[in-house]
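1. Sequence plus predicted model, see below.
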Amino acid sequence: MAHHAFTVGEANSLVPTLTQAFQQIDAHKYQIREATKKIEVLELLWGDAVRQPTNADHKDYITHRETVDRALRGIQRSIQESVIAHGLRLPLGGIEEGLVDFPTTYQGRWVYLCWHIGEREIQYWHETDTGFQGRQEITPAQRDEMGRDDASEVDDSELDF
């Protein structure tokens, strides 16, 4: 798969989309937590009997299970439409921590522009093997250079998505 090398400006243009996506993801995670609490209470009260259609709380149990399933699909849709479809990388812990990486080229190699929820613009980057802990602030000179190499001529075997 050919990767697009994002400039800092291109990455910044997607920040509002990512912010909205993570707000939606957080809302879905809240729905999952609340419905799961209710499921746990029903299972504590009834055990496996809550799964039986004749159980008095079976309909509520099914409603809460459907809420969890719908919210999980919502998270998957947000990730697909706002991250994967744009050629972005969701690093390990990205959903929980609100992290997204933009592949870019710098000095003839691939690196990642790094965005964390709450940041208004892309301010950091890291090597492909360092992750969030290796973030470095983007200097003005780097900002001008990142994403300007011909991506088809840069080996992308170190990109892990």
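-> Cool, the structure landed.

2. helix or strand for Val111, which one?
-> Applying DSSP states H and E as the criterion places Val111 in strand 109-116.

3. Low-confidence regions, this structure specifically.
-> Along the chain, segments meeting pLDDT under 70 span 1.

4. Okay, domains of it per the record?
-> According to automatic domain parsing, the chain comprises the domains 9-86, 94-153.

5. I'd like these written out as TSV, with mean neighbour count and distance to His3 added.
-> Yep, even glycine has a C-beta here, placed from its N, CA and C like the rest. Below are the domains of the chain laid out as TSV (neighbours: other C-beta atoms under 10 Å; distance: least, C-beta to C-beta, whole Å):
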stretch	mean neighbour count	distance to His3
domain 9-86	15	11
domain 94-153	17	5
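
6. would you turn the ones you listed into a markdown table with distance to Asp160?
-> Below are those laid out as a markdown table (distance: least, C-beta to C-beta, whole Å):
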| stretch | distance to Asp160 |
| --- | --- |
| domain 9-86 | 14 |
| domain 94-153 | 7 |
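
7. what's in contact with the strand or helix carrying Ala141?
-> For Ala141, the host element (DSSP H and E) is helix 140-145. Residues from elsewhere that reach helix 140-145 (C-beta atoms under 8 Å, 6 or more residues apart in numbering): Val8, Tyr106, Gln107, Trp125.

8. ok, the third one to Leu90 distance?
-> It stands for Gln107. Using C-beta to C-beta, to the nearest Å, Gln107 is found at 25 Å from Leu90.
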